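Participant: Just the structure for this:
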Amino acid sequence: MNTHFGVDYYPEHWDKDRLEVDIKLMSDMGISMVRLGEFSWHKMEPEEGKYDFSWLREAVDKLGEAGIKSILGTPTAAPPAWLMNKHPDIFPINDKGMQTTFNGRHHDCQSNKIYRSYIEKLVTKMAQEFGQDENVIGWQIDNEFGNSHGDLCFCDSCRDRFREYLKDKYKDVNALNKAWGTHFWSQEYNSFEEVFLPGYTVAGRNPATVLDHRRFCSDLIVEFQKFQIDIIKKYSNNQFITHNYMGFSPKVNYFELGRDLDFVTHDQYPGGFYLAMPSDDEAFLSETLELIRAFKNKNFWIMEQQAGPTGWEILGRTPAPGKLALWALKSVAHGADNVIFFRWRTCTVGTEQYWHGILPHNGKPGRRYYELSGMIHKYANLMEEIQGSGSNAKIAMVYNYDQVHALDIQPHHPELSYVNVLTDYYKAFYNVNVAVDMIGDYYDDEALAPDLSKYKLLIVPLQYIETEEKARIYREYVEKGGHLVLTYRNGVKDINNNCQSEFELPGRLCDVLGIEVKDYDCLRDTSVKVELNLFSGNGSLWSDIVTPTTATVIGKYASEYYKGEACMTEHSYGRGKAYYVGTQLDENLFDKFAKYLLTEAKIKAPFAGIEKGVEVVVRSGEKKDFYFFLNHNDRKVNIPLDMILDMNEEIIENRGVLNPFEVAVYSKEK
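Facilitator: Residues are numbered from 1 along each chain as shown. Okay, here's the model as predicted:
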């Protein structure tokens, strides 16, 4: 039976005689696949040109004999000491000109040609050895491209590649000068060979240059991945190729990275030591999983699902009994067709000694092993049945990397975060258990373009950079009957990250919105009172002082010098409506506005009355829908029986009752 659950396994960390013990424990648990090798370059090539895959071959073969398939990671995130000593230019250089060193991971510049030559030889040898192996079902390229040296690399190799990138994009240096506005502060270039990387300066950096550099760095990673994919494809047969994403990490454009992958995977750590994770952040975790589904418009895998307390130097909380299973099933509910836990056994050495796995340091099964084993066996049949089933959401929210970067370069308010603003909107609907799909705005790319016609409500927060094409798409969406929400800082910039001057704010969609914005206020160290119909609350971060032309006012400011001016509007356009929100609403006002939008767009919220802390997620299949009820509370709760009256029981303990951290699954025929 294919259980659709696996583990990340490191046999090289333990004595050889442990392998058979681990395989027996995995088999008993219901594990059907493992990921191997993604940090083991030295083990595979202990000296230059001397390759040794015997340890990996033994693991793959013995796992295969037990019916456990392998996924191999290319180990290019951890180049060995012999290579780095011979070629120190491979080390990345930060924006202050400081070179990094050994003892970590991702200590490499992905543009370095010498480094690429060593990778080509190693990955070729790996693919020749395992590309036709029936026990190897797939490959992971590198590891977590979004995770390391987030300040990017500023070495000479990257400068050369950046110049090539710009020459290919702009053709003529005068076009580059115009796009970047280099006449400001005497920054004009006479040739592409003069171009500098936008590293550390004594006073400010050109926003257009920085944005192009971030696009370049993303494209470089995409190309670095494809370089390895092309090698593997020469020798592999019926093996998938993927990469493990990191949610909202902005370093690489995951839409672009996914083009060359069969499907994407994700690393999900709800209790990461690096996260504050208050109890109500379950909304952000759900939003993250929905974003992963957006990257290829289809379901995904979890390549690393939390299996215990996390930590490097600092530790996170130990998940209470039931939480590990709950978090894994949350991933499944939001579109994960397969879940692989990180890691099998907690390591006794190195940086991740306290990043706990299913087994503790001593390798003896305990609470985590038995909790996850029980969940795997319980859900084995359902996992097979729900494969490929997706979302039935009628609401979508747009995520765009240019907006992420541009607002990081010039955030206006020190607390303004593109992702946090999106999360506030997502959470308002999460609070009433109404599904929201995350989507990209690749409307000109058939492979990635979402079908907007299936959504009744489209939310596009902080569309800071606005293009003519995207404005046209949103205009047509409203004309055809859609409900569109736009927010403050809409239409401010052009594609080069320069302020547009052709239109009044909020840009090209003034007529669709029926408004103009001729003044605004950055709410530094203060807030503004807001009245939304019969409700009152506060706005933060920003105030657009909205002038309605043909729109209807639904919210006003109730303080500051613009007291009585509009801050929220709605406008009928074609068969649809467009809404504008000129400030960042507090949670109470967000909830009220979300309910208003649901009514206006005629979207049902059948689970809005369930107890707080219970999340309801639907996976919609061809013949029936599966309803996951996830209790994030540490107490027993009841599901109102009228909510499940016409549903069939799939996996439950007691109908209408959820124990602490319990998940129940019901279904309904279509």
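Participant: Can you name the next helix or strand after the one helix or strand Glu615 maps to?
Facilitator: Using DSSP states H and E, Glu615 falls within strand 614-620. Beyond strand 614-620 in the direction of the C-terminus, DSSP H and E gives the next helix or strand as strand 624-631.
Participant: what's that following strand packed up against?
Facilitator: helix 323-333, strand 614-620, strand 663-669 (3 or more C-beta pairs under 8 Å, 6 or more residues apart in numbering; DSSP states H and E). To be clear about C-beta, it is placed using only N, CA and C from the backbone, and glycine gets the same treatment.
Participant: tell me the angle the longest one makes with strand 614-620.
Facilitator: For helix 323-333 against strand 614-620, the angle between stretch directions is 40 degrees (axes from the mean of the first three to the mean of the last three C-alpha atoms, to 10 degrees).
Participant: secondary structure class for Asp95?
Facilitator: Look at Asp95: counting by DSSP: H, G, I helix; E, B strand; the rest coil, its state is coil.
Participant: residues near it, how many?
Facilitator: 15 (other C-beta atoms under 10 Å).
Participant: Could you list which residues are in contact with it?
Facilitator: 151-152, 154, 197-200 (C-beta atoms under 8 Å, 6 or more residues apart in numbering).
Participant: any chance of the residues you listed in TSV, with distance to Ile515, secondary structure and pLDDT too?
Facilitator: Shown next, in TSV, are those (distance: C-beta to C-beta, whole Å; DSSP: H, G, I helix; E, B strand; the rest coil; pLDDT from 0 to 100):
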residue	distance to Ile515	secondary structure	pLDDT
Asp151	39	coil	68
Leu152	38	coil	81
Phe154	43	coil	93
Leu197	40	coil	96
Pro198	35	coil	95
Gly199	41	coil	92
Tyr200	41	coil	90
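Participant: Output these as JSON lines; include the columns neighbour count and distance to Tyr573.
Facilitator: As requested, the contacts of Asp95 are exported to JSON lines (neighbours: other C-beta atoms under 10 Å; distance: C-beta to C-beta, whole Å):
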{"residue": "Asp151", "neighbour count": "15", "distance to Tyr573": "44"}
{"residue": "Leu152", "neighbour count": "21", "distance to Tyr573": "42"}
{"residue": "Phe154", "neighbour count": "22", "distance to Tyr573": "47"}
{"residue": "Leu197", "neighbour count": "19", "distance to Tyr573": "44"}
{"residue": "Pro198", "neighbour count": "21", "distance to Tyr573": "40"}
{"residue": "Gly199", "neighbour count": "16", "distance to Tyr573": "46"}
{"residue": "Tyr200", "neighbour count": "12", "distance to Tyr573": "47"}
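Participant: any idea which of those is closest to Leu448?
Facilitator: Distance to Leu448, by C-beta to C-beta, is smallest for Leu152 among these, at 24.5 Å.
Participant: so can I have CSV of the helices and strands packed on strand 624-631 showing mean pLDDT?
Facilitator: Output for those, formatted as CSV (pLDDT from 0 to 100):
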stretch, mean pLDDT
helix 323-333, 98
strand 614-620, 98
strand 663-669, 97
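Participant: contacting residues for Pro411?
Facilitator: By C-beta under 8 Å, 6+ apart, the neighbours of Pro411 are Ser417.
Participant: and Phe248, how far is that from Pro319?
Facilitator: The gap separating Phe248 from Pro319 is 22 Å, by C-beta to C-beta, to the nearest Å.
Participant: Select the longest helix from the chain.
Facilitator: helix 207-235 (DSSP state H).
Participant: Indicate each strand paired with the following helix or strand past that one and its parallel or antiparallel sense.
Facilitator: Moving toward the C-terminus from helix 207-235, the next helix or strand (DSSP H and E) is strand 240-242. If you go by DSSP bridges, strand 240-242 pairs up with strand 136-140 (parallel).
Participant: where do the helices sit along the stretch 401-550 of the chain?
Facilitator: Per DSSP state H, counting those that start in this stretch, the stretch 401-550 of the chain carries helices over the ranges 401-409, 418-430, 468-479, 510-513.
Participant: Could you list every helix and strand in contact with the first one?
Facilitator: Judged by 3+ C-beta pairs under 8 Å, 6+ apart, helix 401-409 is in contact with helix 207-235, helix 418-430.
Participant: mind listing what Tyr354 touches?
Facilitator: Here Tyr354 is in contact with 309-312, 315, 346 (C-beta under 8 Å, 6+ apart).
Participant: can you tell me which two in those residues are farthest apart?
Facilitator: Trp312 and Thr346 (12.9 Å).
Participant: Tyr170: what's it in contact with?
Facilitator: 176, 179.
Participant: Format the contacts of Asp95 as CSV; extra columns: distance to Leu416.
Facilitator: Listed next are these as CSV, based on distance: C-beta to C-beta, whole Å:
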residue, distance to Leu416
Asp151, 21
Leu152, 22
Phe154, 26
Leu197, 26
Pro198, 21
Gly199, 24
Tyr200, 23
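Participant: so which of those comes closest to Pro88?
Facilitator: Of these, the one sitting nearest to Pro88 (C-beta to C-beta) turns out to be Phe154, at 15.7 Å.
Participant: Please tell me how far the closest one sits from Phe224.
Facilitator: For Phe154, the distance to Phe224 - C-beta to C-beta - is 17 Å.
Participant: Got the confidence number for Tyr455?
Facilitator: What the model reports as pLDDT for Tyr455 is 98.
Participant: Spatially nearest residue to it (excluding sequence neighbours)?
Facilitator: Ala396 (4.5 Å; C-beta to C-beta, 6 or more residues apart in numbering).
Participant: Glu371 versus the nearest residue to Ala81 once chain neighbours are set aside, what's the distance?
Facilitator: Excluding the flanking residues, the one nearest Ala81 by C-beta to C-beta, 6+ apart is Phe102, at 6.0 Å. Counting by C-beta to C-beta, the separation of Phe102 from Glu371 is 38 Å.
Participant: who has more neighbours, these two?
Facilitator: Counted by other C-beta under 10 Å, Phe102 and Glu371 do not tie: Glu371 has more neighbours, with 20 against 13.
Participant: ok so, going back, between the helices of the stretch 401-550 of the chain, which one is closest to Ala328.
Facilitator: helix 418-430 (19.3 Å).
Participant: same question for the closest one, mean pLDDT?
Facilitator: 97.
Participant: and that helix, which residues are buried?
Facilitator: 418-419, 421-430 (16 or more other C-beta atoms under 10 Å).
Participant: before we move on, what about stretch 445-465?
Facilitator: Buried-residue list, stretch 445-465, by 16+ other C-beta under 10 Å: 448, 450, 452, 455-465.
Participant: Mind pulling up the pLDDT for the spatially most central residue of the chain?
Facilitator: The chain has Gly247 as the residue nearest its centroid, 2.0 Å off, counting by C-alpha atoms, centre = their mean. Note on Gly247: pLDDT of 95.
Participant: What separation do you get for it and Thr583?
Facilitator: Applying C-beta to C-beta to Gly247 and Thr583 gives a distance of 27 Å.
Participant: Okay, domains of this structure per the record?
Facilitator: 5-149+221-385, 395-600, 614-669 (automatic domain parsing).
Participant: Check the offset of the longest one from the chain's centre.
Facilitator: Spelled out, that is domain 5-149+221-385. From the chain centre to the centre of domain 5-149+221-385 is a distance of 16 Å (C-alpha atoms, centre = their mean, to the nearest Å).
Participant: quick revisit: could you dump the helices and strands packed on helix 401-409 into JSON lines and include distance to His106?
Facilitator: Listed next are the helices and strands packed on helix 401-409 as JSON lines, based on distance: least, C-beta to C-beta, whole Å:
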{"stretch": "helix 207-235", "distance to His106": "11"}
{"stretch": "helix 418-430", "distance to His106": "22"}
